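Novice: Give me a 3D structure for the following:
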Amino acid sequence: MRAHEIMTSKVFTVKPGTSIAEIAMLMATERISGLPVVDDDGRMIGIVSETDLLHRAETGTERKRKWWISLFIDTDMRARDFIKGHGHTAADVMSRFVVSVRDDATLAEVADMLDTNDLKRVPVLKAGQLVGIITRGDLVRALANAEATRPTGVGVGDNGQLQKALNARIDQQSWVNPSYLNVIATDKTVELWGFVSSEDQRRALLILVRELAGDRVVADHLAIGPRHFNATT
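Specialist: Predicted structure coming up:
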């Protein structure tokens, strides 16, 4: 799945000269937390988020750093604080460094971008033009849709085939040593025997097995042993 398949195409935008009052009203009315700033050619030049409007003189929330912190920040940072608190337009307060994704980016790339940069939303660009926006909520909705259509288990009726599939999947994992594990698949159960090095590994293995086991009951016979049972590096 690609970014353009889950993005919101209807994106509210503002111009560099849009007033702070207009921006705040648009955010409040439409219940959105960020507005891309575009020039007359439709190219994105910045973004105004709720964070940019937190410390405002109008609401008495203008940033006032403690005196001892002020000793360690330069005058430019103080000037930027003043701009954020007193700026009149989008151009004054917007963040000019904007993280974006291509419209053909994979969802894995989008998720990594949001996570790595601690973002709530990311603009989607095509040939430099803003074509949509993706929020964390859009990814959650994509997950909900995927879960609704995901088949239960691998649909394998043959026990030997299922056991082979489980062993192959376990062998692919870098966080566990398969040498100390044994999987036994029957018509009604999947038994997991052996040793792991931690409770986290045990839980991860059980999740892995349940993903493929279908309607079979997963019987946990794992024991947590010393660290030498850990995955080899």
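Novice: Okay, P123 and T186: tell me how far apart.
Specialist: P123 sits 52 Å away from T186 when distances are taken as C-beta to C-beta, to the nearest Å. From N, CA and C alone the C-beta is placed, and that goes for glycine too.
Novice: Pick out whichever of the two has more residues nearby.
Specialist: For P123 versus T186, neighbours defined as other C-beta atoms under 10 Å are more numerous around P123 (21 against 13).
Novice: pretty sure the more buried one contacts T135?
Specialist: No: P123 lies out of contact with T135 (C-beta atoms under 8 Å); the separation is 10.7 Å.
Novice: Give me the domain ranges for this structure.
Specialist: As assigned by automatic domain parsing, the chain contains the domains 3-146, 159-229.
Novice: Make TSV out of these and add mean pLDDT.
Specialist: Supplementary listing: those in TSV, determined by pLDDT from 0 to 100:
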stretch	mean pLDDT
domain 3-146	91
domain 159-229	92
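Novice: Doesn't G137 belong to a helix?
Specialist: Yes: looking at G137 with DSSP: H, G, I helix; E, B strand; the rest coil, it is inside a helix.
Novice: what secondary structure does the residue positioned nearest the centre of the chain sit in?
Specialist: Nearest to the mean C-alpha position of the chain, by C-alpha atoms, centre = their mean, lies A111 at 3.9 Å. With three-state DSSP as the basis, the three-state label of A111 is helix.
Novice: How about it: what's its closest non-neighbour residue?
Specialist: Distances taken as C-beta to C-beta, 6 or more residues apart in numbering put L139 closest to A111, at 6.0 Å, once the chain neighbours are dropped.
Novice: cool, T135 as well?
Specialist: Nearest-residue entry for T135: R121, 4.5 Å, with adjacent residues in sequence omitted and distances by C-beta to C-beta, 6+ apart.
Novice: need the contact list for that neighbour.
Specialist: 33-34, 114, 133-136 (C-beta atoms under 8 Å, 6 or more residues apart in numbering).
Novice: ok, back up a step: show the contacting residues for the residue nearest to A111.
Specialist: 6, 107, 110-111, 114.
Novice: W193: which of these is nearest?
Specialist: Minimum separation from W193 among those (C-beta to C-beta) is found for A111, which lies at 34.6 Å.
Novice: Tell me which stretches of the chain form strands.
Specialist: For the chain, applying DSSP state E gives strands covering 34-38, 44-49, 101-102, 121-126, 129-135, 181-185, 189-196, 217-224.
Novice: Buried deepest among the ones you listed, which one?
Specialist: Each of the strands of the chain was scored by mean neighbour count; the highest is strand 34-38, a mean of 23, by mean count of other C-beta atoms under 10 Å.
Novice: That strand to strand 121-126, inter-axis angle?
Specialist: Angle between the axes of strand 34-38 and strand 121-126 is 30 degrees (criterion: axes from the mean of the first three to the mean of the last three C-alpha atoms, to 10 degrees).
Novice: Mind giving me the packing neighbours of strand 34-38?
Specialist: Counting contacts by 3 or more C-beta pairs under 8 Å, 6 or more residues apart in numbering; DSSP states H and E, strand 34-38 packs against helix 20-30, strand 44-49, helix 90-93, strand 129-135.
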